[in-house]
Structures are given as structure tokens and as C-alpha cells.
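Trainee: how would this look folded up:
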Amino acid sequence: MSERSRYLSGRPTPTEAILVVEPDVLVRMAISDYLRACGYMIIEARDSNEALKVLRAGFKVDAVFSATNLGADMSGFELAQHVRANYPGIEILLASSVAMAAKKAGDLCDEGPIEKPYHHDVVAKRLKLMLQREKTQKPRRLQARPSGWTISTFLVTCQTSIRK
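Mentor: As a prediction, this is how the structure comes out:
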């Protein structure tokens, strides 16, 4: 049985939403498609500005998975600090290819950062563990979607499925 098959046997609740923040469209599409296949609802953002629009609009987000270098007004670290301060029920997972960034990311992520390049299975497993821990340790945050909005209406990037 493959690692992905073993993971998929314990699929997450389809209502768990992950905000994926990644400036590289190909990386963002690949990890988003993989996490969708694992059963997560995915909202994509190319930078911190788009991520903040999603959060401010009131969409239910259970976890933010973000690159550290976003090339926008705010780095992934600053985005994580903002999320931690303003949305305390949201889990944070950062990915970085820069070794020096690991310590700073470790201060913002309970489990420490994931190093780029990362394997999709590693991201999926880490998110699953974080969200399971959240269910047992914290009261569930209920956040309604803004009236008249749907995930597809507010999706901030073009979504294309990658077929294997």
C-alpha cells in the first residue's frame, strides 16, 4: 500500500479548509490539488494580500499553509504573526527553502517548518496531525461565510486540475 493510500484511508473531514499561500503558481496548484485529493477544502492565494482578503471576508479557515517568501507587502512570517494574533483558532504551517528561516518559522509553527522542496505526503500528514490536535485541545471556531459568497466566488486564483 502506498503512503498516499495509507493516508487517504483516514481522510480528513471534507469541511476542513486549508488556505494555501504560495507565489509560484505551479507549486501552489500541485500542493492544492494533492490536498484536495486528500479530502481538504482548499482556498488558494498567491500572496499575503490575497490571503488577508480571504480571512477578512470571514471564510472558515482551519489552517494556513504558506511559503515564507511571498514577495508581497508581508512575508509568510508576518502573515503567520498576523494570523496568530487575529485568528487564534487557525493552525499555521510554513514552508521555507532557506535554512536561516527555520528558527523564525519554528517560533510561529507549533511543529516547526517544513523545508522546501517538500513532499506532498509530508504536508498532508502534518496538516492532518495539526487539525486533529486542534479538535482535542481547542474549542471549534465557527465562522460563517459572508452572505452571498461561496468558495468558488472568492477563489483568488485560477484553479486548474492536474491530471496524472
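Trainee: what are the ranges of the helices in the protein?
Mentor: Using DSSP state H, the helices of the chain run over residues 3-8, 25-37, 48-56, 76-86, 101-108, 120-137, 151-154.
Trainee: Now for the chain, the helix or strand with the poorest mean pLDDT.
Mentor: When the helices and strands of the chain are scored by mean pLDDT, DSSP states H and E, helix 151-154 comes last with a mean of 30.
Trainee: hmm, back to that, mean pLDDT for the helices of the chain: which is lowest?
Mentor: Mean pLDDT values for these show the minimum at helix 151-154, a mean of 30.
Trainee: so Val64 makes contact with Ile92?
Mentor: Yes: using C-beta atoms under 8 Å, Val64 is in contact with Ile92, at 5.3 Å. C-betas here are computed from N, CA, C, even on glycine.
Trainee: between those two, who's got more neighbours?
Mentor: Val64 (26 against 23; other C-beta atoms under 10 Å).
Trainee: quick revisit: can I get the helices of the chain in a markdown table with mean neighbour count?
Mentor: Formatted as a markdown table, the helices of the chain follow (neighbours: other C-beta atoms under 10 Å):
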| stretch | mean neighbour count |
| --- | --- |
| helix 3-8 | 13 |
| helix 25-37 | 17 |
| helix 48-56 | 19 |
| helix 76-86 | 19 |
| helix 101-108 | 17 |
| helix 120-137 | 16 |
| helix 151-154 | 12 |
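Trainee: need those helices in CSV with distance to Glu16, can you?
Mentor: Compiled in CSV, the helices of the chain are given as follows (distance: least, C-beta to C-beta, whole Å):
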stretch, distance to Glu16
helix 3-8, 14
helix 25-37, 10
helix 48-56, 15
helix 76-86, 16
helix 101-108, 20
helix 120-137, 6
helix 151-154, 13
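Trainee: Good, we can wrap up now.
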